[in-house]
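Trainee: Give me the fold of what follows.
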Amino acid sequence: MLRKWIVYMMILAFAGGAQLFVEPQLLSLASVGVAGRDYSLNQLTFDFAFQMNNINGAAAVSVELLVVSASAAAVFVARSGFFDAD
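Mentor: Residues are numbered from 1 along each chain as shown. This is a model prediction of the structure:
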């Protein structure tokens, strides 16, 4: 019974980890360059869009992040039998 909830929490943790933006941004400001401006994929997308004026590059990184996240979630769901009737 717990396996389905563990898979659900793994998907949510992966999604939350993929959405890092504020924490690395504050860390890079506070640490004077220890963490780069492209520490997370969301920061890289932000830099492409608003620092380099490369909207197409930002869109490409965003779509790649979506595909990887959706694929990982699909694998977790398929392997765990999340939607199987008990």
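Trainee: first vs last residue of stretch 37-48, how far apart are they?
Mentor: 11 Å (C-alpha to C-alpha, to the nearest Å).
Trainee: My error: substitute stretch 13-31 in the last question.
Mentor: For stretch 13-31, the end-to-end distance is 26 Å (C-alpha to C-alpha).
Trainee: Distance from the chain centre to it, please.
Mentor: The chain centre lies 10 Å from the centre of stretch 13-31; the measure is C-alpha atoms, centre = their mean, to the nearest Å.
Trainee: cool, and stretch 18-37?
Mentor: Computed by C-alpha atoms, centre = their mean, the chain-centroid distance of stretch 18-37 equals 15 Å.
Trainee: ok now do Ala35, which residues does it touch?
Mentor: Pro24, Leu27, Ser28 (C-beta atoms under 8 Å, 6 or more residues apart in numbering). Placement of C-beta: from N, CA and C, glycine included.
Trainee: What residues sit buried inside the helix or strand where Ile6 lies?
Mentor: Per DSSP states H and E: Ile6 is located in helix 2-18. Using 16 or more other C-beta atoms under 10 Å as the test for burial, helix 2-18 gives Val7, Ile11.
Trainee: Repeat that for stretch 13-33.
Mentor: Judged by neighbour count using 16+ other C-beta under 10 Å, the buried positions of stretch 13-33 are Pro24, Gln25, Ser28.
Trainee: Verify the stated contact: the second one with Asp47.
Mentor: Read it as Gln25. No: using C-beta atoms under 8 Å as the test, Gln25 is too far from Asp47 to be in contact (10.6 Å).
Trainee: quick one on the thing from earlier: show me the buried residues of stretch 13-33 that map onto strands.
Mentor: In strands, judged by DSSP state E, none of those are found.
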